[in-house]
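J.: sharing a model prediction with you, sequence too.
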Amino acid sequence: MASGLLTGKYGETTTFAPDDHRNFNRHGEAFDVGETFSGVPFEVGVAAAREVSEIAGDAPTAAFALRWVIDQPGVTTVIPGARTVEQVRGNVAAAALPPLSDSQLSDLERVYDERIRAHVHDRW
């Protein structure tokens with residue numbers, strides 16, 4: 001979930017607790033930068049997550065992202081993390097979403113190419 005970016009609850013002015021890895025490891029100071037916001041600068045990730053939310057329409061962005069994973073060829077199981085019952089329910093809801101449309105997939109690819117690729121492509 002990109003360190004929470006795909007939950008849609010963070011904005012450019014969000015701050016994290018001093019001991020939260022998202023606060024002190026944005027540039028890989030403590031461990032691999034790819035572990036924080038999936039290697040994407042916070043502000044870029046927030047903007048991309050907003051675009052993903054628009055593509056998702058009425059579906060919660062986190063469930064939409066999980067649906068994308070479910071739709072990948074060869075994927076038989078998705079094991080997302082959760083800290084609350086509400087998060088578990090949201091994760092389970094992803095399975096009830098219809099497969100992503102060609103238009104949604106194309107829009108997601110555009111977001112990746114325009115916003116994300118330059119920050120992470122060489123890491124994966």
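T.: The structure has been received and is ready for your questions.
J.: so, low pLDDT: which residues of the chain?
T.: Within the chain, the set of residues satisfying pLDDT under 70 comprises 34, 121, 123-124.
J.: which parts of it are helices?
T.: 21-24, 42-56, 61-70, 85-93, 102-111, 117-120 (DSSP state H).
J.: can you tell me what sits against the fourth one?
T.: To tie it back to what came earlier, the one meant is helix 85-93. Judged by CB atoms under 8 Å, 6 or more residues apart in numbering, the contacts made with helix 85-93 from elsewhere in the structure are 60, 62-63, 66, 80, 82. Glycine gets a C-beta too; all of them are placed from N, C-alpha and C.
J.: can you count the residues close to the closest residue to His21 other than its chain neighbours?
T.: Once flanking residues are discounted, His21 sits nearest to Thr36: 6.1 Å by CB to CB, 6 or more residues apart in numbering. Burial measure for Thr36: 25 neighbouring residues, criterion other CB atoms under 10 Å.
J.: next: Leu5.
T.: The number of residues near Leu5, taken as other CB under 10 Å, comes to 26.
J.: I'd assumed Glu43 was in contact with it.
T.: No. In this structure, Leu5 is not within contact of Glu43 by CB atoms under 8 Å, at 10.6 Å.
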